[in-house]
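*Asks:* I would like the atomic coordinates for the input below:
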Amino acid sequence: MEQKPNKKSAELSIWLRLAGITLVLTALGYLVYLIGGSGGIAAFFQDFADVNPWLLLITGLVMVSGIALLLLYAKQNKTMPVQKHWDTKELVVGALCVALAFVLSFIKIWQMPMGGSITPASMLPIMVFAYIYGPSKGLVVALAYACLQMLQDFYVVHWAQFMLDYLLAFAALSTAGLFKKSILPGIFLAGFLRFLCSYLSGVIFFAEYAPAGQSPLLYSLLYNGTYMLPDTLICFVVALLPGMRRSIEYLKAKVRMPVQAPSTES
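*Replies:* Got it, this is the predicted structure:
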């Protein structure tokens with residue numbers, strides 16, 4: 001007699017664990033912020049106060065709805081095949097990853113004077129989605145995240161700079177899905193490509209801000225490397241946290257697992 005699985009969805013618990021890690025990173029980011037002497041809790045959450053409250057409300061609703069829909073999906077306990085089209089679960093997870101990345105992007109451990117900041121792994125949720133579901137679907141989620149970033153901190157001097165600093169820079173996060181066996185090299189590739197976009201933008205459009213006697217090439221390298229390298233390294237370290245990498249690999253294997261045909265044996 002065939003036994004039906006009765007265990008709880010391990011996949012759901014992993015996604016909830018990733019959401020929990022987001023809260024831990026927020027708390028750690030606040031501690032680093034306090035140690036740096038940048039101000040109290042009011043100053044730390046100033047970016048939240050400056051943004052449209054409706055945008056924050058919608059982001060919160062997306063996160064809550066995503067978790068609720070994952071709970072409903074977990075009750076079905078079905079294995080989904082690899083598909084080229086989007087299913088409901090992928091849309092839910094994609095929206096949840098965008099919401100998590102958006103929230104983390106507000107937690108600025110270090111803010112550069114003319115744009116750019118170090119955050120507690122705000123790029124990682126987008127990279128994880130791209131790694132699990134592939135670069136094509138990851139690109140859609142990355143561009144959705146780019147649209148939210150435009151609402152958060154939008155500064156454009158030329159259409160080409162807009163392409164480099166927003167569309168191409170955040171689209172680069174989807175390249176984490178190019179690697180099949182580990183997300184770690186994908187994190188470095190995605191971080192490097194985003195840095196390259198910002199670097200070119202700095203050289204071409206913001207060379208006038210370079211100190212007297214300093215080459216725009218060196219200025220852009222130092223300025224963008226100051227925040228982009230630590231931001232990428234934080235993503236890499238978080239991906240190495242105990243259980244984190246194992247959880248990501250489990251989710252990827254779960255997505256690639258083919259659906260088993262129903263048994264015809266009596």
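*Asks:* Might you list the low-confidence residue ranges for the stretch 151-266 of the chain?
*Replies:* 256-266 (pLDDT under 70).
*Asks:* let's see 50
*Replies:* Scanning the stretch 151-266 of the chain for pLDDT under 50 picks out 259-266.
*Asks:* what's the first-to-last distance across stretch 207-225?
*Replies:* For stretch 207-225, the first-to-last residue distance is 15 Å (CA to CA, to the nearest Å).
*Asks:* Please read the previous query as pertaining to stretch 177-190.
*Replies:* Terminal residues of stretch 177-190 lie 9 Å apart, using CA to CA.
*Asks:* contact partners of that stretch?
*Replies:* Here stretch 177-190 makes contact (CB atoms under 8 Å, 6 or more residues apart in numbering) with 123-124, 127-128, 130-138, 172-176, 232, 235-236, 239-240, 245, 248. All C-beta spots, glycine's among them, are computed from the backbone N, C-alpha and C.
*Asks:* Now, those that are in helices?
*Replies:* Of the contacts of stretch 177-190, the ones assigned to helices by DSSP state H are 124, 127-128, 130-133, 135-138, 232, 235-236, 239, 245, 248.
*Asks:* can you give me the strands for the chain?
*Replies:* With DSSP state E, the ranges of strands along the chain come out as 110-111, 117-118.
*Asks:* right, so those strands: which one is the most enclosed?
*Replies:* Highest mean neighbour count among those (mean count of other CB atoms under 10 Å): strand 117-118, with a mean of 20.
*Asks:* So in that sheet, which strands flank that strand, and in what orientation?
*Replies:* Strand 117-118 has the following sheet partners, assigned by DSSP bridges: strand 110-111 (antiparallel).
*Asks:* As a check, name the ranges of all helices in this protein.
*Replies:* Along the chain, the segments classed as helices by DSSP H run 10-35, 41-44, 46-50, 53-76, 88-105, 124-133, 135-152, 159-162, 169-171, 184-205, 216-239, 244-256.
*Asks:* Mind listing what's buried along stretch 217-225?
*Replies:* Neighbour counts over stretch 217-225 (16 or more other CB atoms under 10 Å) mark 219-220, 223-224 as buried.
*Asks:* got the contact list for A210?
*Replies:* Residues counted as contacts of A210 (CB under 8 Å, 6+ apart) are 216, 218-220.
*Asks:* I'd like to know which of those residues is nearest to G116.
*Replies:* For the contacts of A210, the closest approach to G116 (CB to CB) belongs to S220, at 11.2 Å.
*Asks:* Nearest residue to that closest one in space, please, no chain neighbours.
*Replies:* Distances taken as CB to CB, 6 or more residues apart in numbering place G202 nearest to S220, at 3.1 Å, with adjacent residues excluded.
*Asks:* Wait, the one you found touches Y223, no?
*Replies:* Yes. Look at G202 against Y223 with CB atoms under 8 Å: they come within range, at 6.1 Å.
*Asks:* And V157, how close does it get to I204?
*Replies:* Per CB to CB, to the nearest Å, V157 is found 10 Å from I204.
*Asks:* hmm, I was thinking of L178
*Replies:* Distance, L178 to I204, using CB to CB: 27 Å.
*Asks:* again, but for T175
*Replies:* Computed as CB to CB, the T175 to I204 distance reads 22 Å.
*Asks:* So for the two, which residue has more residues nearby?
*Replies:* Taking neighbours as other CB atoms under 10 Å, T175 and I204 compare with T175 leading, 23 against 14.
*Asks:* from memory the more buried one sits against A130, does it?
*Replies:* Yes. Between T175 and A130 a contact is recorded at 7.3 Å, counting by CB under 8 Å.
*Asks:* who's in contact with the closest residue to Y145 other than its chain neighbours?
*Replies:* Among residues not flanking Y145 along the chain, V98 sits closest, at 5.0 Å (CB to CB, 6+ apart). Residues in contact with V98 (CB under 8 Å, 6+ apart) are 62, 125-126, 141, 144-145, 148.
*Asks:* Return the closest of those with respect to E90.
*Replies:* Taking CB to CB as the measure, E90 lies nearest V141 of these, at 9.3 Å.
*Asks:* Check the burial of the nearest residue to that closest one once chain neighbours are set aside by counting its neighbours.
*Replies:* The shortest distance from V141 to any non-neighbouring residue, by CB to CB, 6+ apart, is to G94 (4.6 Å). By other CB under 10 Å, the residues close to G94 number 23.
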